[in-house]
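Novice: Pasted the sequence and its predicted model underneath.
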Number of protein chains: 2
Amino acid sequence: MMIPNIYNFGAGPGCLPAEILSQIVKDIPDWYDGMSVMEVSHRLPVFVELTQEIERDFRQLLSIPEDFALLFMHGGARSQFAAVPLNLLHGIQNTNYLLTGHWSELAFEEAKKYCHPHIVASSKAENYTQIPDPSTWVVNENAAYIHYTDNETIHGVEFPSSSLITNRIGKQWLVSDMTSNLLTKPIDFSPFGLIYASTQKNLGIAGLTVVIVRKSLLGKAHALTPSVLNYSICEQHQSMYNTPAVFCWYVLGLVLKWAIAQGGISTLSALCQEKSQRIYNVIDANDFYICPVVKAYRSRVNIPFRLQRRELESLFLHQANELGLKQLQGHKTVGACRASLYNAMPMKGVDALVEFMQEFAKMHA
Amino acid sequence: MMIPNIYNFGAGPGCLPAEILSQIVKDIPDWYDGMSVMEVSHRLPVFVELTQEIERDFRQLLSIPEDFALLFMHGGARSQFAAVPLNLLHGIQNTNYLLTGHWSELAFEEAKKYCHPHIVASSKAENYTQIPDPSTWVVNENAAYIHYTDNETIHGVEFPSSSLITNRIGKQWLVSDMTSNLLTKPIDFSPFGLIYASTQKNLGIAGLTVVIVRKSLLGKAHALTPSVLNYSICEQHQSMYNTPAVFCWYVLGLVLKWAIAQGGISTLSALCQEKSQRIYNVIDANDFYICPVVKAYRSRVNIPFRLQRRELESLFLHQANELGLKQLQGHKTVGACRASLYNAMPMKGVDALVEFMQEFAKMHA
């Protein structure tokens, strides 16, 4: 059976490159010694070597410094909402949280169990359509870290640069949820203590979470930290403290090889910029489509938009779906439409969406 | 490419039925609307319906009573070592743990973070080759629950029946790790508060953990319980509090359909008994092979054994591997050999191993 010619704009689990789907199909009958990769022990040398290669590829792609550990954990990014304070408080009771959307708000709520998270600033009153003006931020200077969500998958708000924060805040480590935009841009790791991302957006399929953490921060977890959420234990066991999600880890490996073959982060970053710009150009061309996010903070990977004539939205989504433009419905909490443009979305898919949006606008002008 | 004709005796991740591997390959290009199951949103009705069907199949196979919730969680069984006390203590500081092998010991160690786990009995002094004589058990009568590991995957010790415990202990709920033997026998749920199992043995692939928990025990988790480990939150969100391991859940669904098609639990239970008996018969036929476990407590799913002449073990493993009898090496902590006979292991595979063991013994007698 052929891989069908559709374009999947889902926000996650997101689309995989067609080449990777083909590779998975090819590998299943005999990945190693007559077994599929789903059936081999994670302790087999061939699998251990694969994980080492994945770490090398990851470090190469993002130029991750040696003083950072790279962990592959269970539970989705949401598990990190608890793991971050549990591992990084180090006895300090204060933390800083920047609220710029659904996910940073939930990270803040979970942190309340373990510490006194201070709200540096929030754009909730503006329905999370922007990043609050840095001149209005109030920072707790005696806190363990400052947490922010680099890209808000639902609200479509993205930090144009971490310097927006570092210019405002002195010595505290940044902790960032990059679930939806890791591998879409180069990262200067110097201000970061920790970066985390679950894998179902740009890194493969659901079931794994990547944690990039400064080694000097390890070893001082809260006494009640469940072992599976303890960064030090995970590092000491090369992310195999218990049976890892073997298949998800393998798919991540395929994605990293694919990303390198595309030209690495500089190419992916330029493509990401170009793909999103083409969609925003259609949205901004007239007032048929509306993106609620302030231009300077618009996401390059998740574009929420609605139609000026809201009664046309279900027709828009229906016709898009018929044409093979899939999963464009918005998140249940905000509704309307959302186009997610992860690395696996080809330019042809973006152009197909652009063409449809233009045609639809013309038809219903 | 054909599914090769090998037999995988790995302890987990374990083998999958060949029919399921074929189905996965068939489904990948177009599971729904042109997308693979790895790429669809877990919120899509078609996926939600799949999870509901999985729950129905699971309940039907094991006759799970309605007053039990069925949860699909992250993190492997090891995450439950923390989640069980975090969710079930209900303010009581005492718990009971029966130590019969590697995994029950680790569950006990993790519980120390959250409560005062009392050792009811331990067979550690006997290298975990038996279940301690119930007449010697010392039970803390004021405890939240009694935890035991129904089958020890590494040491090959299995409880012949939960009545071994209930005859000895009054009103406390049983909590059991059934990671390696769930779906291999009928279960009388009446003495149980909770049963858990990760999926990489009899339930599919690594990346998911099934929790079957008495609903009356929900809603009183410890205040510091990470949300992803909170049973009530998981139940309230139909196991979709955050993005679940979509592909692992789908494979579980295929395994349950397959199990039903095999004839359900009564058939699988009889097969499990017969398969293991054939291997034990070879082991007990003479003193060439040795299984260290006391006969009454020998596991039907994980058979650890060694050769009387230990210098022949690497040759044994090498020749077995050459013949397509894969992953027979024992766990790193005990060494030697182990044959795991999960539901997916066909009788033909067992017979091939029996034949090889007999031939090898004859050759080196």
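Specialist: Structure received.

Novice: Might you list the low-confidence residue ranges for chain A?
Specialist: A:1-4 (pLDDT under 70).

Novice: Could you pick out the longest helix of it?
Specialist: Secondary structure of chain A per DSSP state H: the longest helix is helix A:264-285.

Novice: Show me what counts as buried in that helix.
Specialist: A:264-265, A:268-269, A:271-272, A:275-276, A:278-280, A:282-283 (16 or more other CB atoms under 10 Å in any protein chain shown). (C-beta placed from N, C-alpha, C; glycine too.)

Novice: and if you look at stretch A:178-193?
Specialist: Per 16+ other CB under 10 Å, stretch A:178-193 contains these buried residues: A:178-185, A:187, A:189, A:191-193.

Novice: Okay, strands next: where are they in the stretch 51-200 of chain A?
Specialist: A:68-73, A:94-99, A:116-122, A:146-149, A:151-152, A:157-158, A:174-177, A:192-198 (DSSP state E, counting those that start in this stretch).

Novice: related to what we said a few turns ago, closest one to chain B out of the buried residues of stretch A:178-193, please.
Specialist: Of all the buried residues of stretch A:178-193, A:Thr179 has the smallest distance to chain B: 9.4 Å, by CB to the nearest CB.

Novice: show me what contacts that closest one?
Specialist: Counting by CB atoms under 8 Å, 6 or more residues apart in numbering or on different chains, A:Thr179 touches A:Gly12, A:Ala77, A:Trp103, A:Asn151, A:Thr153, A:Tyr196, A:Ala197, A:Ser198, A:Lys201.

Novice: Against chain B, how distant is A:Val157?
Specialist: 20 Å (CB to the nearest CB, to the nearest Å).

Novice: Distance of that residue relative to A:Ala11?
Specialist: Note on A:Val157: its distance to A:Ala11, by CB to CB, to the nearest Å, is 14 Å.

Novice: What of A:Pro85?
Specialist: According to CB to CB, A:Pro85 stands 26 Å off from A:Ala11.

Novice: Could you do A:Tyr231 as well?
Specialist: In terms of CB to CB, A:Tyr231 sits 27 Å off from A:Ala11.

Novice: Repeat that for A:Pro132.
Specialist: Separation of A:Pro132 from A:Ala11 (CB to CB): 24 Å.

Novice: Those two: which is more packed in?
Specialist: Set A:Pro132 next to A:Ala11 and count neighbours by other CB atoms under 10 Å in any protein chain shown: A:Ala11 wins out with 26 against 19.

Novice: got the phi/psi numbers for the nearest residue to the more buried one once chain neighbours are set aside?
Specialist: Nearest residue to A:Ala11, sequence neighbours excluded (CB to CB, 6 or more residues apart in numbering or on different chains): A:Ser340, at 4.4 Å. Backbone geometry at A:Ser340, expressed as degrees, to the nearest 10, gives phi -100, psi 130.

Novice: what's the answer for A:Phe247, then?
Specialist: Backbone phi and psi, for A:Phe247 under degrees, to the nearest 10, turn out to be phi -70, psi -40.

Novice: Not counting its neighbours along the chain, what's nearest it?
Specialist: A:Met38 (4.9 Å).

Novice: ok but the one you found is inside a strand, no?
Specialist: No. Checked against DSSP: H, G, I helix; E, B strand; the rest coil, A:Met38 lies outside a strand; its state is coil.

Novice: how about the nearest residue to A:Ala144, chain neighbours excluded?
Specialist: A:Ile92 (4.2 Å).

Novice: so who does the one you found touch?
Specialist: A:Cys115, A:Asn142, A:Ala143, A:Ala144.

Novice: What of A:Val37?
Specialist: Per CB under 8 Å, 6+ apart, neighbours of A:Val37: A:Asp27, A:Ile28, A:Trp31, A:Phe47, A:Val246, A:Phe247, A:Tyr250.

Novice: could the residues you listed be laid out in CSV, adding distance to A:Ala69 and secondary structure?
Specialist: Listed next are these as CSV, based on distance: CB to CB, whole Å; DSSP: H, G, I helix; E, B strand; the rest coil:
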residue, distance to A:Ala69, secondary structure
A:Asp27, 29, helix
A:Ile28, 32, coil
A:Trp31, 27, coil
A:Phe47, 20, helix
A:Val246, 21, helix
A:Phe247, 23, helix
A:Tyr250, 21, helix
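
Novice: Could you find which two of those residues are furthest from each other?
Specialist: Maximum pairwise distance among the contacts of A:Val37 (CB to CB): 15.3 Å, between A:Ile28 and A:Phe47.

Novice: And for A:Val255, nearest residue in space, chain neighbours not counted?
Specialist: A:Gly204 (4.7 Å).
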